[in-house]
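*Asks:* here's a sequence, model it:
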Amino acid sequence: MVVRRRRTAICVNSGCMEIISTKYRIACCFICLIAFDGTAQPEIRTATALITASAGYQLAMQNNLHLYRGREYVGYRTRLVGNAFLAGGHSLPGHIRFDGVDYDSVKMGYDLVRDEVVITNLNGQLLTPQQDKVAAFSVVNRSFHRLEVKERGLAGLPDHGFYELLYQDNDTKLLVKRRSVLAENHDQQYLQFSVIRSDSYYLFKKGNVFPLTGKSSIYRAYPAIRWEVIRFSRQHQLDFRRDFEQALIRTVAFCEDNQ
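*Replies:* Residues are numbered from 1 along each chain as shown. Here you go, the predicted structure:
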């Protein structure tokens, strides 16, 4: 009996990744050879189990490759002072929900300038998956969710994209839009850009969105306990100027517990 080799090629951008089911073909030959032997029932069961396991492995590989279908990520063509990526890395271990499927242990990064998720495929190539199919991701113990302004109750958000979830209590969410912009440095003889961080905070509460820019904006979100919030911030010496984010998280948590 002649067994022809069958190769399945799955194209990922400019390169192709070939999955050759060697164990699968060997198992098929094995089961055909022993099928004529009436005493070979244990061997048949073993070969069948091998085929099933091999098929499951192929299916898992195909599901993973669905994530890696994307355009090649092109870096910045100019010199940068600073890093465009969250936590300074583009191949950090993370989790991503893509097209309704959760993927663990994905090498990934978050480009704050372009507001894009970047992943590293099995060949070490940087790819940008289809962004509107990325519902959520987490990296360096930080959780991000994709929000659309057209969604109900989110009309107060300035733009769609990925927002980091800082705090949640039932329907109340404290979100931050992480951004970085490139500012041209005119003091250098060659073209150079500095990466400037610019974060914006929002409180999603009872279907309303409150932009948070200081202590007074928190008072507007919780007018009934304004004086309790003032006493809390003074008692715990919260510094909204030097550590606005942590002061904001503690204050919102206090308000949710005492409203």
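
*Asks:* and stretch 199-209, what's buried?
*Replies:* 200, 201, 202, 203, 204, 205, 209 (16 or more other CB atoms under 10 Å). In this view, the C-beta of every residue, glycine as well, is placed from N, C-alpha and C.

*Asks:* three-state assignment of the last one?
*Replies:* Assigned by DSSP: H, G, I helix; E, B strand; the rest coil, the conformation of residue 209 is strand.

*Asks:* closest one of the buried residues of stretch 199-209 to residue 251?
*Replies:* When the buried residues of stretch 199-209 are compared for distance to residue 251 (CB to CB), residue 203 wins out at 10.3 Å.

*Asks:* so where is the stretch 51-200 of the chain shaky, pLDDT-wise?
*Replies:* Applying pLDDT under 70 to the stretch 51-200 of the chain flags residues 51-64, 149-156, 188.

*Asks:* and the strands in it?
*Replies:* For the stretch 51-200 of the chain, the strands defined by DSSP state E, counting those that start in this stretch occupy 70-72, 79-81, 92-98, 101-111, 116-120, 126-129, 134-139, 142-147, 161-169, 172-177, 180-184, 192-197, 200-205.

*Asks:* kindly reformat those as a markdown table containing distance to residue 239.
*Replies:* Output for the strands of the stretch 51-200 of the chain, formatted as a markdown table (distance: least, CB to CB, whole Å):
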| stretch | distance to residue 239 |
| --- | --- |
| strand 70-72 | 42 |
| strand 79-81 | 28 |
| strand 92-98 | 30 |
| strand 101-111 | 27 |
| strand 116-120 | 33 |
| strand 126-129 | 38 |
| strand 134-139 | 28 |
| strand 142-147 | 22 |
| strand 161-169 | 17 |
| strand 172-177 | 18 |
| strand 180-184 | 24 |
| strand 192-197 | 19 |
| strand 200-205 | 16 |
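
*Asks:* nearest to residue 250, out of those?
*Replies:* For residue 250, the closest of the strands of the stretch 51-200 of the chain is strand 161-169, at 9.3 Å, according to CB to CB.

*Asks:* how about that closest one: buried residues?
*Replies:* By 16+ other CB under 10 Å, the buried positions in strand 161-169 come out as 161, 162, 163, 164, 165, 166, 167.

*Asks:* contacts for that strand, please.
*Replies:* Strand 161-169 is contacted from outside by 110, 115, 117, 134, 137, 142-147, 157, 173-178, 201-202, 245, 248-249, 252-253, 256, using CB atoms under 8 Å, 6 or more residues apart in numbering.

*Asks:* which of those are buried? Put it as a PyMOL command.
*Replies:* Buried residues within the contacts of strand 161-169, by 16+ other CB under 10 Å, are selected in PyMOL with:
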select buried, resi 110+115+117+134+137+142+144+145+146+147+157+173+174+175+176+177+178+201+202+248+249+252+256
